[in-house]
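**Student:** Just need the structure, nothing else, for what follows:
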Amino acid sequence: MPIGRVFSTIAAAFLAVLAANITLAQSPGGTGYDVTGVEIDVSGADAVQARAQGIREARRKAFGLLVNRMVSAEDRARLPQIDDAQLENMVRGVEFVRERPAPGRYSATLNVVFAPDAVKSYLSGAGISGVETVPRPALVIPLWKGPAGVEPLNDRNAWREAWQQLDSAGSAVPVTLLRGDPTDQGALSAEQAYVGDVSALARLNERYRAPTIIVATVDGDKNGGALTVGGMRYDTQTGARSEIPRMPVASAADLPAAVKAIHAKADQDWRGIGTVRRDSQASLDVFVPIRALGDWVQVRQRLGAIPAVKSVTVKTLEADRADLKLDYFGSPEELQRTLAQAGLSLSQDAGQWRLQAR
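**Tutor:** Numbering: from 1, shown residues only. Here you go, the predicted model:
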């Protein structure tokens, strides 16, 4: 048998194995109706009343964050006021991440999960078609590189403090800060994180399971003077990476603003991919040209990271081509834009739709 035919047979078999796993990660980061990391701090006549008041405030704060995520700014003014009883009926559950009770006071970090049908009914009653932005959590590794090199992962400095102050609850990219404890230090070193050692980052992420890792760096002397911030974003599902542009900062006092700018860019980038409009649904037949195994792997991984793609059916698979059926939410134009932002090109080719990595 000719060598080329043997290779084609092996390649087709390997591609078939990959095709079986195409839907493993269709919804990264949970659903669009979860609001995580809601911080509350309230007082009451006693601990029991303070806790009850805290839970009510957490529901209301989480609902405000959810509305901001789903409804455009110009439409929010049309929403009717909602009382505590109505709000309670919209909440599916509350998760107590961390409670800090005290006499006559209750402070806690909560996650609130809303019932999709109840929220949709509330929005449609106001004539508003909301969109879901499926959150994509990120693990942040803050690193400070000074004259003597990269500081340890557990170093307490102004850069780490700036990230700790960031309120990302309700955003499209809620962040978790690296603990920097001995377990983290056993997985990777500060130097490995700084240079982007993907094997070490993968070991670390066995603990955090984050779909995105942000290595946020600051270069300069901690004792004073101008600084430069930057870093890299790593997509742990697709293997893609993107640079955080280096930005000069006048002093450590300006680091919180730099943190907000980095997070805002990550939030904006993910909203372009993670926003889903479920009021319409369609399907599209596409083909994927395959010149090497990596072509199919890239397309498969990137499709799996797009919440608007409901399902992918592999109709035929050859060594040089895959024919797929995409079931998706939204319009064809929205699908094309979302695919482009996820690094995929969808274009017409002799009456057929061609899908390939950009």
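
**Student:** Give me the mean pLDDT for stretch 95-106.
**Tutor:** Taken as a whole, stretch 95-106 has a mean pLDDT of 89.

**Student:** ditto for stretch 298-309
**Tutor:** For stretch 298-309, mean pLDDT rounds to 90.

**Student:** and that stretch, which residues are buried?
**Tutor:** Of all the residues in stretch 298-309, those buried under the rule 16 or more other CB atoms under 10 Å are Q298, V299, R300, Q301, R302, L303, G304, A305, I306, P307, A308, V309. Glycine gets a C-beta too; all of them are placed from N, C-alpha and C.

**Student:** Please apply the same query to stretch 108-127.
**Tutor:** By 16+ other CB under 10 Å, the buried positions in stretch 108-127 come out as A108, T109, L110, N111, V112, V113, F114, A118, V119, K120, Y122, L123.

**Student:** Break this protein down into its structural domains.
**Tutor:** As assigned by the TED database, the chain contains the domains 34-129, 138-271, 280-357.

**Student:** Any idea how far the last one is from the middle of the chain?
**Tutor:** Going back to what we said before, that points to domain 280-357. Relative to the centre of its chain, domain 280-357 is centred 21 Å away, using CA atoms, centre = their mean, to the nearest Å.

**Student:** gap between the two ends of that domain?
**Tutor:** Taking CA to CA, to the nearest Å, domain 280-357 runs 26 Å from one end to the other.

**Student:** who does the lengthiest strand in the chain touch, helix- and strand-wise?
**Tutor:** In the chain, with assignment by DSSP state E, the single longest strand is strand 91-102. Where contact means 3 or more CB pairs under 8 Å, 6 or more residues apart in numbering; DSSP states H and E, strand 91-102 is packed against helix 47-70, strand 105-114.

**Student:** Now that strand: buried residues?
**Tutor:** Neighbour counts over strand 91-102 (16+ other CB under 10 Å) mark V91, V94 as buried.

**Student:** Let me know the angle separating it from helix 47-70.
**Tutor:** Counting by axes from the mean of the first three to the mean of the last three CA atoms, to 10 degrees, strand 91-102 points 130 degrees away from the direction of helix 47-70.

**Student:** What pairs with strand 91-102, parallel or antiparallel?
**Tutor:** strand 105-114 (antiparallel) (DSSP bridges).

**Student:** contact partners of the following helix or strand past the strand it pairs with?
**Tutor:** Using DSSP states H and E, the helix or strand that follows strand 105-114 towards the C-terminus is helix 116-125. Residues from elsewhere that reach helix 116-125 (CB atoms under 8 Å, 6 or more residues apart in numbering): 31, 33, 66, 70-71, 79-80, 82, 86, 89-90, 129-130.

**Student:** for helix 116-125, the distance to its chain's centre please.
**Tutor:** Centroid separation for helix 116-125 versus its chain: 24 Å, with CA atoms, centre = their mean.

**Student:** residue boundaries of the helices in the stretch 101-250 of the chain?
**Tutor:** With DSSP state H, counting those that start in this stretch, the ranges of helices along the stretch 101-250 of the chain come out as 116-125, 158-165, 182-187, 190-195, 198-208.

**Student:** Any chance of these in a markdown table with mean pLDDT as columns?
**Tutor:** Formatted as a markdown table, those follow (pLDDT from 0 to 100):
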| stretch | mean pLDDT |
| --- | --- |
| helix 116-125 | 90 |
| helix 158-165 | 97 |
| helix 182-187 | 96 |
| helix 190-195 | 97 |
| helix 198-208 | 96 |
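
**Student:** so which of the ones you listed comes closest to G274?
**Tutor:** Smallest distance to G274 across the helices of the stretch 101-250 of the chain (CB to CB): 15.9 Å, for helix 116-125.

**Student:** Let's test this: name the helix or strand in this protein with the lowest mean pLDDT.
**Tutor:** Least confident element among the helices and strands of the chain, by mean pLDDT, DSSP states H and E: helix 3-19 (a mean of 41).

**Student:** and the gap between the most centrally placed residue in the chain and R233?
**Tutor:** For the chain, the residue nearest the mean C-alpha position is R136 (1.5 Å; CA atoms, centre = their mean). Taking CB to CB, to the nearest Å as the measure, R136 falls 11 Å from R233.

**Student:** where's V198 relative to L204, distance?
**Tutor:** Counting by CB to CB - V198 and L204 are separated by 11 Å.

**Student:** if you count what's nearby, which of the two comes out ahead?
**Tutor:** L204 (24 against 13; other CB atoms under 10 Å).

**Student:** residue contacts, that one?
**Tutor:** Neighbour list for L204: L139, L178, D184, A187, L188, A193, I213 [criterion: CB under 8 Å, 6+ apart].

**Student:** before we move on, what about P103?
**Tutor:** Applying CB under 8 Å, 6+ apart, the residues contacting P103 are D46, A47.

**Student:** same check, this time on R78
**Tutor:** Each residue near R78 by CB under 8 Å, 6+ apart is listed here: A126, G127, I128.

**Student:** Could you find the lowest-pLDDT member of those?
**Tutor:** Among these, I128 has the weakest pLDDT, 83.

**Student:** Understood, closing this out.
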